[in-house]
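Q: Sequence and predicted structure are below.
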Amino acid sequence: MLFGLRFFTFIRSTLRGDVVAFGAIAGIPVGTHFERRADVAAAGVHRALIGGIVGRPDAGAESIVASGGYEDDEDLGDVIIYTGQGGRNPETGRQVAHQSFTRGNAALVTSCLRGIPVRVVRGSTNAGYTYAGLFRVDEYWMEQGRAGFQICRFRMVAEEEAGEDRVTPPQPAKRIATTVLRIVRDTKVSQQVKALNDFTCQVCGTRLMCVGGPYAEGAHIRPLGKPHNGPDVLENLLCLCANHHVLFDHGGFVIDEGYLVLGLGEPTPLLGMTKPGQQFLAYHRSLWQQTSILTSENSLMLVKEWEE
Ligand SMILES: [Zn+2]
């Protein structure tokens, strides 16, 4: 009876959306097994009986369930390529419409932008559920799913630094972790693209001068690593300022076939001494098709106009 009442309060507060609890849950080490979704919810690990994502667009996602049953999901252990919610027939589970970066998907984007770790639960009704620990949302994009519809994708990477802390969390139940992690990969080719462009941003023309010299970032157009596997070659890099690097990685703008920058107001020509490869620009554009980020700026219309 008492359990039922507490459980009800849980679900109600989740539905009201007034409680968001990030981070590890005290007394729930990584590897904890639960028989049913109801047990996962009652423990506070994933506080919803249905729905793969718990969170709010303005606050971030606190947890997801990677069921493994979805046709587009890929579970690589420490890396999960997770498919967002929406557009599925509730009876068949099949994708019947496009997804968008709204609701739970928007919450995961917020988690990525703010570096908030997400609790991950693996499992299914048949196999039961296991708490897999905290993951960060490393990257997000759109792509065409197997059923032919645009789906939201998230690259989730297991948090490493939590270490033993994950096994026996000493903190009180609702720990708030807000570590912002930003790794700028700097390879030999990256240094090359910066030198060739004299450390000047190819979008805005800014050359950031620091006390020790100029600063710019080498931005990979088709991202490195799974599942994109972009190559580390000069044609796959841009020389950008820190602001435009972030915007480029998060779909704030795209570059069309005519090397015009779309999404930042009036289209402007790409600057600089290096010309990126068309195949890589096309890949980057494909990641942001149908996104609210671009459609809200009317950029998708612009892309179409320029393509005609
Ligand atoms: Zn710039």
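A: The structure has been received and is ready for your questions.
Q: Which residue, neighbours along the chain excluded, lies closest to Y140?
A: Among residues not flanking Y140 along the chain, F154 sits closest, at 4.9 Å (CB to CB, 6 or more residues apart in numbering). (Glycine included, C-beta is placed from N, CA and C.)
Q: To clarify, my last question referred to A48.
A: Nearest one to A48, counting by CB to CB, 6+ apart, is V54 at 5.0 Å.
Q: For the one you found, give its distance to I64.
A: Separation of V54 from I64 (CB to CB, to the nearest Å): 8 Å.
Q: cool, and M273?
A: For M273 relative to I64 (CB to CB), the value is 43 Å.
Q: any shared contact partners between V54 and I64?
A: H46 (CB atoms under 8 Å, 6 or more residues apart in numbering).
Q: Quick check: the residue of the stretch 51-200 of the chain nearest the ion.
A: T200 (8.8 Å; CB to the ion).
Q: Need the nearest residue in space to that residue, chain neighbours excluded.
A: T200's closest residue in space is R207 (CB to CB, 6+ apart), at 4.6 Å.
Q: Quick check on the residue nearest to T274 when sequence neighbours are not counted: phi, psi?
A: In space, and not counting its chain neighbours, T274 is closest to L196: 5.3 Å by CB to CB, 6+ apart. Per-residue torsions, L196: phi -60, psi -30 (degrees, to the nearest 10).
Q: Over to A43?
A: phi -80, psi -10.
Q: Next one: it from the ion, what distance?
A: Applying CB to the ion, to the nearest Å, the value for A43 to the ion is 46 Å.
Q: What residues does that residue make contact with?
A: A43 makes contact with 25, 28, 32, 34, according to CB under 8 Å, 6+ apart.
Q: try 7 Å
A: The contact partners of A43, by CB atoms under 7 Å, 6 or more residues apart in numbering, come to 25, 28, 34.
Q: Next: R37.
A: R37 neighbours (CB under 7 Å, 6+ apart): 49, 129.
Q: Near the ion, which residues of this protein? Just list them.
A: 201, 203-204, 206, 241, 244 (CB under 5 Å from the ion).
Q: of all these, which comes closest to H220?
A: Of all those, H244 has the smallest distance to H220: 13.6 Å, by CB to CB.
Q: And the closest residue to the closest one other than its chain neighbours, how far from Y283?
A: The shortest distance from H244 to any non-neighbouring residue, by CB to CB, 6+ apart, is to V203 (4.4 Å). The gap separating V203 from Y283 is 18 Å, by CB to CB.
Q: between those two, who's got more neighbours?
A: Using other CB atoms under 10 Å, the more surrounded residue of V203 and Y283 is V203, with 25 against 18.
Q: hey, where'd the strands end up in the stretch 1-150 of the chain?
A: Taking DSSP state E, counting those that start in this stretch as the criterion, the stretch 1-150 of the chain carries its strands at 33-34, 53-56, 60-66, 74-75, 79-83, 118-124, 128-144, 150-158.
Q: ok, how many other residues are close to D75?
A: With other CB under 10 Å as criterion, D75 counts 16.
Q: can you offset everything so residue one is 24?
A: OK, 24 is where the count begins now, so the last one is D98.
Q: Which pLDDT value goes with the residue nearest to A71?
A: V77 carries a pLDDT score of 94 in this model.
Q: same thing with the one 5 residues further on?
A: pLDDT recorded at A82 is 89.
Q: shaky segments in the stretch 74-223 of the chain?
A: 91-94, 184-209 (pLDDT under 70).
Q: Please tell me how far the nearest residue to D81 once chain neighbours are set aside sits from D95.
A: For D81, ignoring the flanking residues on the chain, the nearest one in space by CB to CB, 6+ apart is T133 at 7.0 Å. Computed as CB to CB, the T133 to D95 distance reads 22 Å.
Q: Does the residue nearest to A71 touch S86 like I think?
A: Yes: if you go by CB atoms under 7 Å, V77 and S86 touch, sitting 4.9 Å apart.
Q: what touches both of these two?
A: With CB under 7 Å, 6+ apart, V77 and S86 have common neighbours H69.
Q: So which residues of the stretch 174-323 of the chain form helices?
A: Taking DSSP state H, counting those that start in this stretch, the helices of the stretch 174-323 of the chain run over residues 211-219, 265-272, 301-310, 315-318, 322-330.
Q: buried sites along stretch 129-138?
A: Neighbour counts over stretch 129-138 (16 or more other CB atoms under 10 Å) mark 129-135 as buried.
Q: Which one (most neighbours) among the residues of the chain next to the ion?
A: V226 (25 neighbours).
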